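Trainee: Please find the sequence and the predicted model below.
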Amino acid sequence: MARKRVAVLISGRGSNMVALMEAAKDPGYPAEIALVISNEPAADGLKRATAAGIPTVVVDHRRFGKDREGFERALQHELEAHKIELVCLAGFMRILTPWFVKQWDGRLLNIHPALLPAFKGLNTHARALAAGVKEHGASVHLVVPEMDSGPIIAQAAVPVRDGDTEATLAARVLEVEHKIYPQALRLLAEGRVQMVGDRCLVDGRPVGSA
Ligand code: GRF
């Protein structure tokens with residue numbers, strides 16, 4: 001099967017992007033990272049992608065002022081120019097409009113550092129600690145117009161330990177992020193994910209069932 005051409009969209013350090021690039025080094029992996037786009041010219045992830053020989057593009061949102069769709073049309077132009085088939089958001093800190101999401105319906109993934117539907121939005125680790133939950137984690141989901149709300153493809157939980165700080169909890173969650181993102185992309189690229197209403201079936205079964 002031909003490997004799917006994937007773009008990773010980042011804004012910062014890009015550790016999830018690196019996890020995807022590492023997975024894609026295996027010739028048996030069904031996707032190749034063909035492009036990295038950052039909206040932040042200074043994103044550390046850009047250097048990491050360049051060092052790995054992956055083409056990078058900066059689309060600085062500031063150039064577009066309040067014209068969100070103008071920014072997204074520039075993203076879309078790059079994605080089409082590079083013949084991208086699937087898009088992974090990995091620490092990409094811009095909210096996408098319904099227009100963009102629709103272009104990539106069923107082909108756009110995001111990773112969120114919480115066990116969705118718990119703790120949508122920002123500062124998830126601080127909020128998990130404040131809420132006193134015993135378990136926290138990460139989710140990979142298909143993107144829909146409503147933020148952090150799309151059908152979940154993969155989730156992993158980690159324990160919250162006594163004495164955890166935001167930093168220790170974030171590090172524990174990041175470790176599982178780096179495992180489930182490549183797994184979820186593999187499932188999508190192999191055509192094993194089916195959207196049924198607001199849920200995903202993987203290999204015909206609801207996510208999380210044995
Ligand atoms: C990750 O925690 C991811 O879940 C969230 O932003 C962070 C990005 O980290 N969306 P990195 O840039 O992949 O290292």
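Mentor: The structure has been received and is ready for your questions.

Trainee: Name the residues of this protein found near the ligand, please.
Mentor: Within the chain, the positions near the ligand by Cβ under 6 Å from any ligand atom are 10, 12-16, 90-91, 111-113, 174, 177. No exception for glycine: its C-beta is placed from N, CA and C like everyone else's.

Trainee: Is the spatially most central residue of the chain in a helix, a strand, or coil?
Mentor: A centroid search over the chain (Cα atoms, centre = their mean) returns residue 110, at 3.0 Å, as the residue closest to the centre. State at residue 110, reduced to three classes by DSSP: H, G, I helix; E, B strand; the rest coil: strand.

Trainee: Show the average pLDDT along the longest helix along the chain.
Mentor: Using DSSP state H, we find that the single longest helix of the chain is helix 166-189. On average, the pLDDT along helix 166-189 is 98.

Trainee: Quickly name whichever of the residues of the chain next to the ligand is closest to residue 75.
Mentor: Of all those, residue 10 has the smallest distance to residue 75: 12.2 Å, by Cβ to Cβ.

Trainee: Excluding residues flanking it in the chain, which one is nearest that closest one?
Mentor: The shortest distance from residue 10 to any non-neighbouring residue, by Cβ to Cβ, 6 or more residues apart in numbering, is to residue 45 (4.3 Å).

Trainee: Near that neighbour, how many other residues are there?
Mentor: Neighbours of residue 45 under the rule other Cβ atoms under 10 Å: 24.

Trainee: low pLDDT regions in the protein?
Mentor: Counting by pLDDT under 70, the chain has low-confidence residues at 209-210.

Trainee: hmm, try it at 90
Mentor: 1, 196-198, 208-210 (pLDDT under 90).

Trainee: quick one, strands of it?
Mentor: Counting by DSSP state E, the chain has these strands, from start to end: 4-10, 31-38, 56-58, 86-89, 108-112, 135-142, 152-159, 193-196, 199-202, 205-206.

Trainee: Parallel or antiparallel, list what pairs with the second one.
Mentor: The one in question is strand 31-38. strand 4-10 (parallel), strand 56-58 (parallel) (DSSP bridges).

Trainee: what's the angle from it to helix 166-189?
Mentor: 130 degrees (axes from the mean of the first three to the mean of the last three Cα atoms, to 10 degrees).

Trainee: and if you look at the fifth one?
Mentor: Using the same axes, to 10 degrees, the inter-axis angle of strand 108-112 relative to helix 166-189 is 160 degrees.

Trainee: Repeat that for the first one.
Mentor: When the same axes, to 10 degrees is applied, the directions of strand 4-10 and helix 166-189 differ by 160 degrees.

Trainee: what's the spacing between strand 4-10 and its chain's center?
Mentor: Remark: strand 4-10 is offset 9 Å from the chain centroid, using Cα atoms, centre = their mean, to the nearest Å.

Trainee: The shortest one too?
Mentor: Its chain's C-alpha centre and that of strand 205-206 lie 21 Å apart, by Cα atoms, centre = their mean.

Trainee: Identify the residues contacting it?
Mentor: 199-200 (Cβ atoms under 8 Å, 6 or more residues apart in numbering).

Trainee: That strand: partners in the sheet, and parallel or antiparallel?
Mentor: Assessed with DSSP bridges, strand 205-206 is paired to strand 199-202 (antiparallel).

Trainee: List the buried residues in the partner strand.
Mentor: Buried residues in strand 199-202, defined by neighbour count with 16 or more other Cβ atoms under 10 Å: 200-202.
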